[in-house]
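Novice: pasted the sequence and its predicted model underneath.
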Amino acid sequence: MEGKREAFRTLVGVVRRGMKDKVANVYLSCLALLPALVDSGLGGGGREIEGMSEQLLPALVEKLGDNNARLR
């Protein structure tokens with residue numbers, strides 16, 4: 001069980017770094033990975049998913065103000 005949680009945390013870290021990337025395709029790929037992470041069950045319970053959303057929401061909100069229409 002601990003291995004799954006560690007894998008989940010690692011993937012969240014990858015997504016978080018990718019969401020800060022300037023390349024649109026990297027950002028969009030990370031955005032597509034989010035539902036897969038939630039559905040995978042790697043995170044275990046709701047607390048892990050809540051922690052993930054707390055980490056990623058600021059990056060998502062920041063991209064809403066981006067000048068690149070593809071990212072918005």
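Specialist: It's in. Quantities reported herein were computed from a predicted structural model and do not represent experimental measurements. Numbering: from 1, shown residues only.

Novice: identify the residue spatially nearest to residue 15, adjacent ones excluded.
Specialist: What sits nearest to residue 15 in space, not counting adjacent residues and going by Cβ to Cβ, 6 or more residues apart in numbering, is residue 30, at 4.7 Å. For glycine as for every other residue, the C-beta is placed from the backbone atoms N, C-alpha and C.

Novice: in the strand or helix carrying that neighbour, which residues are buried?
Specialist: Taking DSSP states H and E as the criterion, residue 30 maps to helix 24-40. For helix 24-40, the neighbour count (16 or more other Cβ atoms under 10 Å) marks 27, 30, 31, 33, 34, 37 as buried.

Novice: counting by contacts, list what it packs against.
Specialist: When contacts are defined as 3 or more Cβ pairs under 8 Å, 6 or more residues apart in numbering; DSSP states H and E, helix 24-40 sits against helix 2-19, helix 46-64.

Novice: tell me the contacts of the residue nearest in space to the middle of the chain?
Specialist: Residue closest to the mean C-alpha point of the chain, counted by Cα atoms, centre = their mean, is residue 15 at 4.0 Å. Residue 15 is in contact with 30, 33, 34, 37, 56, counting by Cβ atoms under 8 Å, 6 or more residues apart in numbering.

Novice: can you do 10 Å?
Specialist: 29, 30, 31, 32, 33, 34, 36, 37, 52, 55, 56, 59 (Cβ atoms under 10 Å, 6 or more residues apart in numbering).

Novice: thanks again, I'm all set now.
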